[in-house]
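# Dropping a prediction and its sequence here:
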Amino acid sequence: MGLAAGDIGAALRVSFSAAHHVLAKGALFLAIGVSAIAGPRLWPVLIPASVLALGLGGLPFSGGMLAKLALKPQFDNGVLGIFATLSAVASTLLMFHFLRCLVQTAARDRAPAASAALMRPWLVLAFATVAVPWILYPTTESGSLLSAVARTTLWAALWPVLLGALLSVWLWRWGDRLPRLPEGDVVVVGEAAICATAPGAR
């Protein structure tokens with residue numbers, strides 16, 4: 001979209017965002033394995049994983065916030081801007097669900113040797129996921145680091161994350177009251193809709 005609009009810096013900014021995405025998703029996949037052997041001591045895994053997961057929604061001071069700022073010129077107007085904001089809310093909602101599943105599936109028994117062997121490299125990757133974007137952001141020509149920590153910028157990054165968090169709490173508390181889709185794919189949903197509207201179709 002940026003290249004079509006004549007923005008020659010779009011490729012660099014998209015590459016920057018993609019690099020953060022690769023680091024964050026890779027670290028979150030590894031967090032599943034690390035949490036499986038962390039046992040009751042899950043906090044050393046859960047806190048960094050929370051920062052990385054919510055960073056995908058644009059959590060302030062995370063690498064994800066900088067990735068979204070880098071793409072802002074392509075998505076900061078009209079309908080595209082609305083979709084970009086909704087995407088941040090949906091990403092936050094999904095990542096809260098991921099974190100909840102991470103806690104629920106963690107093993108209760110801990111294996112200290114294996115945990116230490118996996119924990120250190122994972123923490124290095126988690127740190128790099130936050131640090132590398134801050135190091136490379138000035139090269140994207142998307143603005144200065146000082147402007148990235150301005151109060152208005154931080155609030156613009158924070159409120160979609162807060163909205164996603166509120167939706168997560170609402171779904172955890174009252175999600176069981178929502179209508180349930182039948183098991184299967186869209187075909188099953190379509191069949192149920194046909195049967196409901198045309199009883200003779202059975």
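Ah, there it is. Numbering: from 1, shown residues only.
# Phe16 contacts Ile135, doesn't it?
No: under the criterion of CB atoms under 8 Å, Phe16 makes no contact with Ile135, lying 11.0 Å away. For glycine as for every other residue, the C-beta is placed from the backbone atoms N, C-alpha and C.
# and the gap between the spatially most central residue of the chain and Ala4?
Central residue of the chain (CA atoms, centre = their mean): Leu56, 3.1 Å from the mean position. Here Leu56 is placed at a distance of 26 Å from Ala4 (CB to CB, to the nearest Å).
# before we move on, what about Thr139?
23 Å.
# same thing with Arg173?
Taking CB to CB, one finds Arg173 at 44 Å from Ala4.
# got the residue ranges for the helices in this structure?
Using DSSP state H, the helices of the chain run over 10-38, 43-55, 63-75, 78-105, 112-136, 145-148, 151-174, 186-197.
# Any chance of those in TSV with mean pLDDT and mean neighbour count as columns?
Output for the helices of the chain, formatted as TSV (pLDDT from 0 to 100; neighbours: other CB atoms under 10 Å):
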stretch	mean pLDDT	mean neighbour count
helix 10-38	90	18
helix 43-55	92	21
helix 63-75	88	24
helix 78-105	90	16
helix 112-136	85	15
helix 145-148	92	12
helix 151-174	93	15
helix 186-197	74	11
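# and the residue nearest to Leu102 when sequence neighbours are not counted, what does it touch?
Distance criterion CB to CB, 6 or more residues apart in numbering; nearest residue to Leu102, sequence neighbours excluded, is Ser35 at 5.3 Å. The neighbourhood of Ser35, defined by CB atoms under 8 Å, 6 or more residues apart in numbering, consists of Leu42, Val45, Leu46, Ala49, Leu102, Val103, Thr105, Ala106.
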